[in-house]
Structures are given as structure tokens and as C-alpha cells.
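Colleague: what's the 3D shape of this:
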Amino acid sequence: MSSAKKLQGEIDRVLKAVAEGQEVFEEIWQKVHEASTAAQKEKFEGELKTQIKKLQRLREQIKSWITGDQVKDKQPLMDARKRIESDMERFKICEKETKTKAYSKDGLAAANNNDPETRARMEAREWVEGCLDQLQTQKDAHEAEIEVIRSKQKKNSKVSERETELNECIERHSYHVDRLELILRLLDNENLTVDDVNSIKDDVDYYIQSNTDPDFQEDDTIYDALNLDELDQGGMDVLKTTKKEKEAEKERREKEEQEREEARRREEARKLELEKKRKAEEEKRQKEEQRRQLEAERRRQEEERRRQQVELHRRNAEQLRQQQEAQRQQELAAQAAAGAQAGAAGGAAKKMPEPAAAAKGMGVVAIQQQQQAQAQAQAQQQAQQQQAQQQQQQQQQ
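Modeller: A predicted model of the protein is given here:
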């Protein structure tokens, strides 16, 4: 029971590592496609290759559990394996695109023009790359198996026979990988012909397909006829020149990219400055418009105030005139009444003694004086009320 729990814990750990590794792979994948320069893209592609190798080692471990009979529920393992293989296919497509671009635009153009020599060279190159991929996959599988063996061993235990055998296989694969990479480089520099590559095809294919067979016999002389070391030494000057040219081209492209970026930044700064000026002018125009509106409103209010004052003066004058007219009518009425009373008093005076008539005449004069005093007091009171109303209106304004 404890061994089953331990195995399940190991499976959970691997599945978690797969999920985390795929998240990292996806992040790097986005960086590759968003890279703005060739140098950045090359850097991210290297990181992508490292990450896919980690996932391939986990895939080999998962494959060993799927093929074994220790795990009952194999569906999570199969799903994880499919996801890793999907990422492997994506990486192969990305790598193929990069290599196709790096090979040369002229070569691709010649291939499209049905140039037999160029097509043959490209086919030879693709075969070498396929061999490298297969050897790398086998190396990853051996390394993953070694990790499984070591995880099951106790500390300070001796190296098992199987681990020794796997290490020898990895060493042989590394030798062939080194030779094939050299062949690929010499083929690109035209130091090897297509016939040279075709002469070793059968032997290399046999090694890749049968190196794990019990009766496999390795041929150590596969690459001897090509004199690879001599060609590599003789072509060092050419390689150095090619490398320098590539570095110079890389620097030129990076410089152009920097210049474009600098021009883009200057253009953005210019646009920002123009936008800033436009906004400042718009704010100034709005403030001027507001000032004109306030000035027009102030003038309108001032005109309205003057109009109201004129109207008030007119009304006050009209009221004063009416009061004066009323006062005059009252005076005329009083005089008429006084005349009538005086006439009546004259007739009566003939009948009265003189002292009584004199007293009567003095009474009429007193009444007239009292009426005049009342009219003057009323006119002064109305004038004071009008003046108070004008002061109140001015304070409100």
C-alpha cells in the first residue's frame, strides 16, 4: 500500500511539473511571436527549446507508466502526454520556420524555380536535421530513464548495469550528433556535396533505427571517408568570415531596428507635443469665449439696471405729479368750499353781530391752513418711501 501511495505521489509531482512546464512554454511562445528584433526572437527560441526538452523528459517518464501495469487510471497520464506532444509539434513548426529563413532566401527562391541542385541540397539538409531530431529524442528518453532509475535507488548504491548501458548509448549518440552537426555546417558552406551526404545515409539510418537491438553491430568508420575534420579545419577561415558577416549583418539589423525605434519615439513625442499645443489653444479659446460671455452678461445686467432706474424715476415723477395734481384739486375744492362758506357767512353776518362774524371768518382760515399742512406731510412721506425703495433696489443689485 505504501509503494502505491509513493507511486501516486510521484505521478502527481510529474503531472504538476508538466502543467507548470506548459505554462512556461506558452509564455515563451508568446514572447517568440511578439519579439521586435531578430536577436530577441533568437534568444526566446533558445529558451523555448530548453523548455520543450524538459517536457520531453517528463513525457518519457509518463510513457513508461502508461506502458506498465502499476497504474490503473492512465487517462490523466495519456492526456498529459498528448498535450506535451502537441507542444512538440508546435516547436517543430517554429524551429522549421526559423531554419528555413536562416538557410537563405536565395536558396528558397532557386528551389521554387525548380533548380534540381538546390532541391537536392535542401533534401539532404532536411535528412540531416531529421537524424539530429531522432537522436536528440532518444537521448532525452535515455536521460529520463536514468532519472527514474536513480529515483528508485537508495543513497550510496552502486550504478546499475542498465544505467551504465544508457550512459554509453548517450555517449554514442552525442558523437553522432556532433558529426551530423558538422556535416550540416559543411553542407551549408558547400564544403560537402549532396553525394557525400547520400553516401552515409544507409549507415546512419541503420544506427538510429537499430542501436537498441541485441544483435546491433556499430560501425565506427561511417564518417571516415568524408574527412570531416580536415574539411572543418580547412574551412575555418571561411566559417570565421561567414560568422563575421553574420555578426555584422546582425549588428546592422539591430542598428536599423534601433533607428526605427528612435524615429518612432520621436514621432510619438512630436505628436504628443502637437496634441499638447492643440489642447492649450483649445483651453485658451474656451477661456476667451467664457470671458466674452461673462462680459456680455455683465453689460446686459448693467443695461437692465439702468433701464429699471429710468423706469423707477419715471414712475416716481408720475406719482409725484399725480400727488401734486390731487393736492391742487384738494386746494381748489377747499377754496371753493371756503368761498361757499364765506358767502353763507356774509349773509348770516348781516344778521349777526360783528364779533360773531369775525369769529366765523377766523374759523374758515384755520381749517384751510390745517388742510394744507396735512397735504404737505403726506407728500413728504411719499417722497421718503420712494427714496427708501430706490436704496433697497440698489443694494440688491
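
Colleague: residue ranges for the helices of the stretch 51-200 of the chain, please.
Modeller: 75-103, 105-112, 116-152, 161-188, 194-198 (DSSP state H, counting those that start in this stretch).

Colleague: Three-state assignment for D220, please.
Modeller: Following DSSP: H, G, I helix; E, B strand; the rest coil, D220 is assigned to coil.

Colleague: what values do phi and psi take at it?
Modeller: phi -80, psi 0 (degrees, to the nearest 10).

Colleague: mind checking how far it is from Y207?
Modeller: 11 Å (Cβ to Cβ, to the nearest Å). For glycine as for every other residue, the C-beta is placed from the backbone atoms N, C-alpha and C.

Colleague: neighbour count: these two, which is higher?
Modeller: For D220 versus Y207, the count of surrounding residues by other Cβ atoms under 10 Å is larger for Y207: 19 against 8.

Colleague: test my guess that that one contacts Q217.
Modeller: No. With contact defined as Cβ atoms under 8 Å, Y207 does not reach Q217; the gap is 10.1 Å.

Colleague: for the helix or strand harbouring A263, packing partners?
Modeller: Element membership for A263 (DSSP states H and E) is helix 236-351. For helix 236-351, the contact count by 3 or more Cβ pairs under 8 Å, 6 or more residues apart in numbering; DSSP states H and E identifies helix 38-67, helix 354-396 as packing neighbours.

Colleague: by mean pLDDT, show me the worst of these.
Modeller: Lowest mean pLDDT of these: helix 354-396, a mean of 65.

Colleague: what secondary structure does S36 sit in?
Modeller: S36 - assigned by three-state DSSP - is coil.

Colleague: one more: T212?
Modeller: Here T212 is recorded as coil under three-state DSSP.

Colleague: least trustworthy helix or strand in this protein by mean pLDDT?
Modeller: helix 105-112 (a mean of 48; mean pLDDT, DSSP states H and E).

Colleague: burial count for the closest residue to A375 other than its chain neighbours?
Modeller: Closest residue in space to A375, ignoring its immediate chain neighbours: Q327 at 4.6 Å, by Cβ to Cβ, 6 or more residues apart in numbering. Using other Cβ under 10 Å, Q327 is surrounded by 17 other residues.

Colleague: and if you look at R172?
Modeller: When neighbours are defined as other Cβ under 10 Å, R172 has 16 of them.

Colleague: give the contact list for it.
Modeller: Neighbour list for R172: 211, 218 [criterion: Cβ atoms under 8 Å, 6 or more residues apart in numbering].

Colleague: could you check the pLDDT of it?
Modeller: 91.

Colleague: how near is it to Y223?
Modeller: 13 Å.

Colleague: same deal with H33?
Modeller: According to Cβ to Cβ, H33 stands 38 Å off from Y223.

Colleague: of those two, who's got more company?
Modeller: For H33 versus Y223, neighbours defined as other Cβ under 10 Å are more numerous around Y223 (20 against 9).

Colleague: what's near enough to touch the more buried one?
Modeller: Here Y223 is in contact with 179, 183, 200 (criterion: Cβ under 8 Å, 6+ apart).

Colleague: isn't the residue nearest to A375 right next to A377, touching?
Modeller: No. Under the criterion of Cβ under 8 Å, Q327 is not in contact with A377, lying 11.2 Å apart.

Colleague: pick the one among the contacts of Y223 closest to E311.
Modeller: Checking the contacts of Y223 against E311 by Cβ to Cβ gives I183 as the nearest, at 111.3 Å.

Colleague: rewinding a little: can you tell me which of the contacts of Y223 has the most neighbours?
Modeller: Highest count within the contacts of Y223 by other Cβ under 10 Å belongs to I183, 26 neighbours.
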